[in-house]
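Asks: Generate a structure from the sequence data that follows.
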Amino acid sequence: MGLSQYSDIRSLSSEDITANILKVEKKIFDLRFKKATRQTYKSHELKNEKRKLAQLKTFEKELLEKSK
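Replies: Numbering: from 1, shown residues only. I've put the predicted structure just below:
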(Lines give C-alpha, C1' and ligand atoms only; values in the text may rest on other atoms or scores of the structure.)
Protein backbone atom coordinates (compact mmCIF):
# COMPACT_ATOMS: atom_id res chain seq x y z
CA MET A 1 0.00 0.00 0.00
CA GLY A 2 1.69 3.14 -1.22
CA LEU A 3 1.17 6.74 -0.39
CA SER A 4 -2.11 8.22 -1.48
CA GLN A 5 -2.01 11.05 -3.95
CA TYR A 6 -3.30 14.47 -2.91
CA SER A 7 -5.77 14.36 -5.80
CA ASP A 8 -7.31 11.21 -4.26
CA ILE A 9 -7.80 13.05 -0.97
CA ARG A 10 -9.55 15.93 -2.75
CA SER A 11 -12.27 13.56 -3.96
CA LEU A 12 -13.28 12.63 -0.37
CA SER A 13 -16.15 14.20 1.54
CA SER A 14 -15.56 15.91 4.88
CA GLU A 15 -16.99 12.91 6.77
CA ASP A 16 -14.63 10.57 4.93
CA ILE A 17 -11.69 12.83 5.71
CA THR A 18 -12.55 12.85 9.41
CA ALA A 19 -12.90 9.05 9.43
CA ASN A 20 -9.57 8.65 7.63
CA ILE A 21 -7.84 11.00 10.09
CA LEU A 22 -9.01 8.86 13.00
CA LYS A 23 -7.94 5.68 11.23
CA VAL A 24 -4.47 7.04 10.43
CA GLU A 25 -3.98 8.36 13.98
CA LYS A 26 -4.81 4.91 15.36
CA LYS A 27 -2.37 3.27 12.96
CA ILE A 28 0.38 5.72 13.99
CA PHE A 29 -0.34 4.94 17.64
CA ASP A 30 -0.10 1.21 16.95
CA LEU A 31 3.19 1.61 15.08
CA ARG A 32 4.67 3.72 17.90
CA PHE A 33 3.52 1.13 20.42
CA LYS A 34 5.20 -1.63 18.42
CA LYS A 35 8.40 0.43 18.29
CA ALA A 36 8.35 1.06 22.06
CA THR A 37 7.79 -2.61 22.87
CA ARG A 38 10.45 -3.70 20.38
CA GLN A 39 8.04 -5.69 18.25
CA THR A 40 8.71 -6.02 14.56
CA TYR A 41 7.33 -3.25 12.40
CA LYS A 42 8.19 -1.61 9.13
CA SER A 43 9.79 1.72 9.94
CA HIS A 44 8.85 3.29 6.61
CA GLU A 45 5.16 2.81 7.42
CA LEU A 46 5.42 5.29 10.30
CA LYS A 47 6.84 7.95 7.98
CA ASN A 48 4.19 7.26 5.33
CA GLU A 49 1.33 7.42 7.84
CA LYS A 50 2.60 10.71 9.27
CA ARG A 51 2.72 12.16 5.77
CA LYS A 52 -0.79 10.90 5.03
CA LEU A 53 -2.06 12.45 8.28
CA ALA A 54 -0.48 15.79 7.39
CA GLN A 55 -2.11 15.73 3.95
CA LEU A 56 -5.52 14.92 5.41
CA LYS A 57 -5.30 17.63 8.06
CA THR A 58 -4.10 20.19 5.51
CA PHE A 59 -7.00 19.46 3.21
CA GLU A 60 -9.45 19.50 6.13
CA LYS A 61 -8.14 22.96 7.09
CA GLU A 62 -8.58 24.16 3.50
CA LEU A 63 -12.19 22.98 3.53
CA LEU A 64 -12.87 24.82 6.77
CA GLU A 65 -11.35 28.03 5.42
CA LYS A 66 -13.43 27.83 2.24
CA SER A 67 -16.65 27.34 4.17
CA LYS A 68 -16.12 30.54 6.19
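Asks: Could you tell me which residues within the lowest-mean-pLDDT helix or strand in the chain count as buried?
Replies: Least confident helix or strand of the chain, by mean pLDDT, DSSP states H and E, is helix 6-10 with a mean of 81. For helix 6-10, a neighbour-count test (16 or more other C-beta atoms under 10 Å) marks Ile9 as buried. Just so you know, the C-beta spots here come from the backbone N, C-alpha and C atoms, and that holds for glycine as well.
Asks: Give the other helices and strands that the helix or strand following that helix contacts.
Replies: For helix 6-10, the following helix or strand on the C-terminal side (DSSP states H and E) is helix 14-36. Identification of packing neighbours for helix 14-36 by 3 or more C-beta pairs under 8 Å, 6 or more residues apart in numbering; DSSP states H and E yields helix 43-67.
Asks: any idea of the pLDDT on Gly2?
Replies: Listed pLDDT for Gly2 reads 59.
Asks: Kindly apply the preceding question to Gln55 instead.
Replies: Gln55 is given a pLDDT of 93.
Asks: Looks like it contacts Ser7 (just checking).
Replies: No. Contact status for Gln55 versus Ser7: not in contact, 10.8 Å apart, counting by C-beta atoms under 8 Å.
Asks: contacts for the least confident helix or strand of the chain?
Replies: By C-beta atoms under 8 Å, 6 or more residues apart in numbering, the residues outside helix 6-10 that reach it are Ile17, Gln55, Leu56, Phe59.
Asks: The residue nearest to the spatial centre of the chain: what's its closest spatial neighbour, skipping adjacent residues?
Replies: Closest residue to the average C-alpha location of the chain: Leu53 at 2.7 Å, with C-alpha atoms, centre = their mean. Spatial nearest neighbour of Leu53, excluding adjacent residues (C-beta to C-beta, 6 or more residues apart in numbering): Val24 at 4.7 Å.
Asks: Could you pull up the residues touching the one you found?
Replies: The neighbourhood of Val24, defined by C-beta under 8 Å, 6+ apart, consists of Glu49, Lys52, Leu53, Leu56.
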